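*Asks:* Starting from these lines, generate the structure:
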Amino acid sequence: MRNGSVMALKITLKPKERIVLGGAVIQNGPFKAEFTIENTIPILRQKYILSPDDANTPAKRIYFAVQLMYVDEAHLAEHHKLYWQFVREFVSAVPSSLGLIDQISELILQGQYYDALKAARKLIQLEQEVLDRV
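*Replies:* Numbers count the residues shown, from 1 in each chain. Purely as a prediction, here's the structure:
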C-alpha cells in the first residue's frame, strides 16, 4: 500500500498490446512489459477499448459513451448527453434492458465509470442474445 490507502496496481502488457492510461493511448513494444501504477487514474486494457468505428450497435454506442466518460473527464457533459441519447434509443428498442440500464446509469451518477463500463459489457451481451433470438 502507498499513501495510506491506495493499492498499487501491477500491469503486465503483452508485446504490441495497447492500453489507455490516464487518457493517453500507449502501445507496448515487441516484448512483454511489466509496470506498477501507484496512483488512481483511468486504465483500460486493449481488450476493453472500443474504437468509434467498432461502436456499431446501440449497446456498443452506450459502452463507447461510458468509455469516454471514464477516460475523458474534461468533456463529461458532452459524453453524458451522448449516453442519454443512446440509452433512450436502446430502451425503446429493448425494453427488457431497463434494469441493466438503470444499474449503469446509477453507477454513472455516482461517478463510478469503470464499474459502469463493466455493466455496459453485460448490455452488449444482452443485445447479442436478443439479436440471436431474432
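*Asks:* Low-confidence ranges, this protein, go.
*Replies:* 1-6 (pLDDT under 70).
*Asks:* what's the longest helix in it?
*Replies:* Ranked by residue count and defined by DSSP state H, the top helix of the chain is helix 113-133.
*Asks:* Show me how far it is from its chain's centre.
*Replies:* Offset of helix 113-133 from its chain centre (C-alpha atoms, centre = their mean, to the nearest Å): 11 Å.
*Asks:* The chain: strands as residue ranges?
*Replies:* All strands of the chain, identified by DSSP state E, fall at 9-13, 18-21, 24-27, 33-37, 43-45.
*Asks:* With distance to residue 72 and mean neighbour count as added columns, please give the ones you listed in JSON lines.
*Replies:* The C-beta positions use only the backbone N, C-alpha and C, and glycine is treated the same way. Below are the strands of the chain laid out as JSON lines (distance: least, C-beta to C-beta, whole Å; neighbours: other C-beta atoms under 10 Å):
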{"stretch": "strand 9-13", "distance to residue 72": "20", "mean neighbour count": "13"}
{"stretch": "strand 18-21", "distance to residue 72": "10", "mean neighbour count": "18"}
{"stretch": "strand 24-27", "distance to residue 72": "11", "mean neighbour count": "11"}
{"stretch": "strand 33-37", "distance to residue 72": "18", "mean neighbour count": "12"}
{"stretch": "strand 43-45", "distance to residue 72": "11", "mean neighbour count": "16"}
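*Asks:* Let me know which of the ones you listed is the nearest to residue 78.
*Replies:* strand 18-21 (18.0 Å; C-beta to C-beta).
*Asks:* Are there helices or strands packed against the closest one, and which ones?
*Replies:* When contacts are defined as 3 or more C-beta pairs under 8 Å, 6 or more residues apart in numbering; DSSP states H and E, strand 18-21 packs onto strand 24-27, strand 43-45.
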